[in-house]
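In: Here is a sequence together with a model predicted from it:
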Amino acid sequence: MSFLLEFAYDKQTQVQCCACLKAIEEMKHPSDQFRKMIDEIPTLAWSCLPDGSVEFLNKRWLDYTGLSMETFLGRQWQTVIHPDDLETLMNTWRRHLASGKPAEVEARLRRFDGEYRWFLFRAVPVRDEQNNLIRWYGTNIDIEDRKQMEERLRRDKTELRLIIDTIPHNIIILEPDGKLISVNQQVLDYTGRTLDDVQSPDFRSRFLHPEDWLKLTAERREALQREEPFELELRVLGKDGEYRWFLMKYNPQRNEHGQVIRWYATGTDIDESKQANDRVRNEVGALREEIDRASMFDEIVGSSGPLRRVLAQVAKIATTDSTVLILGETGTGKELIARAIHRRSKRSKAAFIRVNCSAISPSLIASELFGHEKGAFTGAVERRIGRFESADGGTIFLDEIGELPMETQIAMLRVLQEGEFERVGSSETISVDVRVLAATNRDLKAAVAKGSFRQDLFYRLNVVPIDMPPLRDRAEDISLLAEYFIDRYAKKTGRKFRGIQKRTLELFRVYDWPGNIRELQNVIERAVALADSETFSVDPGWLDHQALQPIKPALLAAGKLVEHERETIETALKKSRGRISGPVGAATMLGIPRQTLESKIRALGINKNQFKSLR
């Protein structure tokens with residue numbers, strides 16, 4: 001119920017009241033004309049004595065209520081006031097009788113048919129020349145339609161507010177300059193604060209992530225000045241003390257002149273999608289890291305017996321989920337075998353995550369593998385997911401597993417046994433489905449005996465061991481590998497080679513290759529970059545002469561080496577019936593590029609067409 005202590009007329013009421021006052025004033029000298037005018041004006045008009053007793057009511061009053069003048073001259077006039085409004089009306093009336101000031105109050109008045117309608121009761125004091133109160137003049141104006149409209153608006157506003165509060169997004173209303181006006185219940189529930197708290201000038205600085213507050217303040221101010229819709233991604237502090245990512249979309253509301261009068265911002269929680277994006281970035285980063293660090297070839301090249309035995313193992317175990325421990329000297333291609341297992345597994349479409357355990361500080365290896373929570377250690381400014389979480393559903397390759405610190409070995413054993421772990425600084429258990437492939441050039445059995453590697457972890461890793469043969473045990477693959485690398489780096493540098501110097505090829509075959517395939521690759525890359533002729537050659541000084549072993553008599557004759565190569569190629573051509581390329585071609589069988597094989601066929605003078613007749 002509203003009360004206005006200052007008397008205010010709208011235009012229509014002013015006209016009506018003026019006519020009423022004039023008419024009532026003429027009552028001192030009544031006439032039929034004036035009485036008729038007072039009775040017919042479209043307003044309920046009345047007058048009271050200074051003490052508030054009813055003096056006069058016009059015919060409109062009497063007709064509306066259905067009561068007589070005699071009834072109103074007593075106290076019975078109060079019976080037409082709604083019982084719920086009577087006390088307020090009387091208290092307001094008594095207060096203004098005492099003060100002598102104009103009065104205005106809303107109350108429901110009963111019509112002759114029993115229906116109550118809202119009226120605005122207005123009373124104006126009339127004074128004589130000595131400022132003595134001599135009479136009260138009043139009008140009652142029907143405001144039922146306005147009250148119903150106000151009630152509808154109130155209900156609509158309440159309903160709209162309820163809808164806004166139940167929308168699962170943060171909604172913020174701003175002034176044109178960006179000052180916060182109001183927020184929905186979602187904002188209050190998320191922050192755990194009151195409306196007064198979020199309306200404080202320092203709200204953004206207290207609840208936005210410090211990095212985002214510094215970065216986005218100027219950007220937001222410039223965007224508001226452009227007066228066009230815009231978006232921001234930022235982290236907001238929740239009542240649980242954690243920051244979550246939100247996408248804020250700002251839209252301006254304009255008046256009829258196109259001026260911005262409000263900004264409406266909606267905030268959508270995108271924390272889970274951001275984490276998913278982070279996981280993808282980690283996977284991409286891991287892939288790039290893998291590619292950058294890869295120091296081997298892109299394909300498995302060779303047809304020697306030791307290599308074929310390894311590939312046979314790969315074919316058998318790839319389709320299982322068994323843990324594999326790949327053993328071998330540095331540079332033998334352990335990574336490549338791990339990738340081959342993954343590509344042929346049912347997890348091939350999922351992530352392949354590589355971790356070099358020897359390249360990460362022992363104090364950070366647990367965080368790298370299992371992730372950490374914000375504040376877990378100095379520098380942990382936000383939550384970070386680990387490599388195992390990124391590899392969920394796929395494969396993780398733990399290179400140099402023998403370098404894993406003892407305290408991390410315990411957590412690794414739990415992952416292998418139960419598929420569970422906790423982030424550093426958290427007690428929440430995370431379950432993952434990851435296949436583990438591990439590799440090392442260390443003797444893990446000796447490490448177990450010395451107590452530097454857990455025996456139970458060794459047995460968990462050593463489910464399927466694969467021993468990678470060193471290059472010195474794959475002598476028949478050296479010429480194929482050399483051709484492959486020469487072709488690869490020649491294409492990268494735009495060079496062309498007509499053949500390999502005989503002395504270089506012989507040197508390659510008798511060298512011990514302590515660095516294995518990686519050393520061969522590096523030597524060829526250097527030779528291609530420094531080549532000054534169309535015949536590929538390597539400076540003998542680049543190879544470690546101490547690693548040169550006594551040449552077996554069977555290998556002294558270069559002719560026997562050539563003959564062995566010829567027999568190998570012809571055997572492959574027979575099996576492929578003269579086909580060079582394709583999945584069943586000789587090049588695929590030998591594991592070398594088609595161009596390399598054709599170059600060898602020409603150099604050895606082999607007639608590949610003779611094998612086509614064997615069909």
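Out: Now that the structure is in, tell me what you want to look at.
In: now the strands: where do they sit in the stretch 401-550 of the chain?
Out: Taking DSSP state E, counting those that start in this stretch as the test, the strands found in the stretch 401-550 of the chain are 420-422, 429-431, 435-440, 464-467, 499-500, 535-536.
In: Any chance you could list what contacts the first one?
Out: Read it as strand 420-422. Outside strand 420-422, the residues that touch it by C-beta atoms under 8 Å, 6 or more residues apart in numbering are Phe370, Phe388, Ala411, Arg414, Val415, Glu428, Thr429, Ile430, Ser431, Val432. (C-beta placed from N, C-alpha, C; glycine too.)
In: host element of the residue minimising distance to the centre of the chain?
Out: Taking C-alpha atoms, centre = their mean, the centroid of the chain lies closest to Lys274, which sits 1.9 Å from it. With secondary structure defined by DSSP states H and E, Lys274 is part of helix 271-293.
In: Could I get the average pLDDT for that helix?
Out: When pLDDT is averaged over helix 271-293, the result is 61.
In: do stretch 608-615 as well
Out: Per-residue scores along stretch 608-615 average to 68.
In: Please apply the same query to stretch 487-494.
Out: Here the average pLDDT along stretch 487-494 is 88.
In: related to what we said a few turns ago, nearest to Asp399, out of the strands of the stretch 401-550 of the chain?
Out: For Asp399, the closest of those is strand 435-440, at 5.1 Å, according to C-beta to C-beta.
In: partners of that closest one, with directions?
Out: strand 324-327 (parallel), strand 395-399 (parallel) (DSSP bridges).
In: I only care about the contacts of strand 420-422 that end up buried; give me the ChimeraX line for that.
Out: Burial among these is assessed by 16 or more other C-beta atoms under 10 Å; the matching ChimeraX selection reads:
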select :370,388,411,415,430,432
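In: And the contacts of strand 420-422, which is closest to Asn132?
Out: Nearest to Asn132 among the contacts of strand 420-422, with distances taken as C-beta to C-beta, is Glu428, at 83.6 Å.
In: now that closest one: how far from Glu389?
Out: 12 Å (C-beta to C-beta, to the nearest Å).
In: again with Glu233
Out: Applying C-beta to C-beta to Glu233 and Glu389 gives a distance of 22 Å.
In: for Asp512, same thing?
Out: Asp512 is 43 Å from Glu389, by C-beta to C-beta.
In: Between those two, which is the more surrounded one?
Out: Glu389 (21 against 16; other C-beta atoms under 10 Å).
In: For that one, which residues are in contact?
Out: Contacts of Glu389 by C-beta under 8 Å, 6+ apart are Arg279, Phe370, Gly371, Ile430, Val432.
In: my read: the third one touches Ala391, true?
Out: Spelled out, that is Gly371. No: using C-beta atoms under 8 Å as the test, Gly371 is too far from Ala391 to be in contact (11.7 Å).
In: buried stuff in stretch 132-142?
Out: Arg135, Trp136, Tyr137, Gly138, Thr139, Asn140, Ile141, Asp142.
In: Of the residues you listed, which belong to strands?
Out: Filtering the buried residues of stretch 132-142 for membership in strands, criterion DSSP state E, returns Arg135, Trp136, Tyr137, Gly138, Thr139, Asn140, Ile141, Asp142.
In: Leaving out the residues flanking it, which one is nearest to Thr194?
Out: Leu188 (6.8 Å; C-beta to C-beta, 6 or more residues apart in numbering).
In: Which pLDDT value belongs to that neighbour?
Out: 85.
In: Just the element for it, please.
Out: helix 185-191.
In: centre of the chain versus that helix, how much separation?
Out: Distance of helix 185-191 from its chain centroid, counting by C-alpha atoms, centre = their mean, to the nearest Å, is 20 Å.
In: which other residues reach whatever helix or strand comes next after it?
Out: Using DSSP H and E, the helix or strand that follows helix 185-191 in sequence is helix 195-198. With contacts defined as C-beta under 8 Å, 6+ apart, helix 195-198 is touched by Leu180, Ser182, Val183, Val187, Leu188, Thr191, Phe203, Phe207.
In: Can you list the low-confidence ranges for the stretch 1-150 of the chain?
Out: Low-confidence segments of the stretch 1-150 of the chain, defined by pLDDT under 70: 1-34, 72-76.
In: Helices of that one, residue ranges please.
Out: Along the stretch 1-150 of the chain, the stretches classed as helices by DSSP state H, counting those that start in this stretch are 11-25, 32-40, 59-65, 69-73, 83-99, 144-166.
In: how about these in CSV, adding distance to Ala527 and mean neighbour count?
Out: Formatted as CSV, these follow (distance: least, C-beta to C-beta, whole Å; neighbours: other C-beta atoms under 10 Å):
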stretch, distance to Ala527, mean neighbour count
helix 11-25, 102, 15
helix 32-40, 119, 14
helix 59-65, 114, 18
helix 69-73, 121, 14
helix 83-99, 104, 15
helix 144-166, 72, 11
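In: possible to save the ones you listed as CSV with distance to Val528?
Out: Below are the helices of the stretch 1-150 of the chain laid out as CSV (distance: least, C-beta to C-beta, whole Å):
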stretch, distance to Val528
helix 11-25, 98
helix 32-40, 115
helix 59-65, 110
helix 69-73, 117
helix 83-99, 100
helix 144-166, 69
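In: The ones you listed: which one's closest to Glu228?
Out: helix 144-166 (23.8 Å).
In: who does the closest one touch, helix- and strand-wise?
Out: strand 116-127, helix 185-191 (3 or more C-beta pairs under 8 Å, 6 or more residues apart in numbering; DSSP states H and E).
In: CSV for these, including distance to Ala475 and mean neighbour count?
Out: Putting the helices and strands packed on helix 144-166 into CSV (distance: least, C-beta to C-beta, whole Å; neighbours: other C-beta under 10 Å) gives the following:
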stretch, distance to Ala475, mean neighbour count
strand 116-127, 107, 18
helix 185-191, 68, 18
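In: sorry, back to before: any idea which of the strands of the stretch 401-550 of the chain is most buried?
Out: Among the strands of the stretch 401-550 of the chain, strand 435-440 has the highest mean neighbour count (mean count of other C-beta atoms under 10 Å), at a mean of 25.
In: Average pLDDT for that strand, rounded please.
Out: 95.
In: next one: that strand to chain centre, how far?
Out: Worked out by C-alpha atoms, centre = their mean, strand 435-440 lies 31 Å from the chain centre.
In: Dump it to PDB, restricted to CA.
Out: The C-alpha coordinates for strand 435-440 follow below in PDB (Å, rounded to 0.1, in the frame of the first residue of the first chain):
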ATOM      1  CA  ARG A 435      47.700 -50.000 -22.600                       C
ATOM      2  CA  VAL A 436      51.300 -49.700 -21.400                       C
ATOM      3  CA  LEU A 437      54.300 -50.200 -23.600                       C
ATOM      4  CA  ALA A 438      57.700 -49.700 -22.000                       C
ATOM      5  CA  ALA A 439      61.200 -49.700 -23.300                       C
ATOM      6  CA  THR A 440      64.700 -49.600 -21.800                       C
END
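In: Please list the residues outside it that contact it.
Out: 321, 323-328, 334-335, 338, 341-342, 345, 347, 394-402, 415-416, 461.
In: Restricted to buried residues, select those in PyMOL.
Out: Remark: buried members of the contacts of strand 435-440, expressed as a PyMOL selection using 16+ other C-beta under 10 Å:
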select buried, resi 323+324+325+326+327+328+334+335+338+341+342+345+347+394+395+396+397+398+399+400+401+402+415+416+461
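In: what about Asp392, which SS state?
Out: The local conformation at Asp392, judged by DSSP: H, G, I helix; E, B strand; the rest coil, is coil.
In: still on that earlier bit, kindly reformat the contacts of strand 420-422 as TSV containing distance to Phe485 and pLDDT.
Out: Formatted as TSV, the contacts of strand 420-422 follow (distance: C-beta to C-beta, whole Å; pLDDT from 0 to 100):
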residue	distance to Phe485	pLDDT
Phe370	38	91
Phe388	35	92
Ala411	40	90
Arg414	42	92
Val415	37	92
Glu428	48	88
Thr429	47	90
Ile430	43	92
Ser431	44	92
Val432	38	93
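In: Between the contacts of strand 420-422, which sits nearest Leu237?
Out: Nearest member of these to Leu237, counting by C-beta to C-beta, is Glu428, at 19.8 Å.
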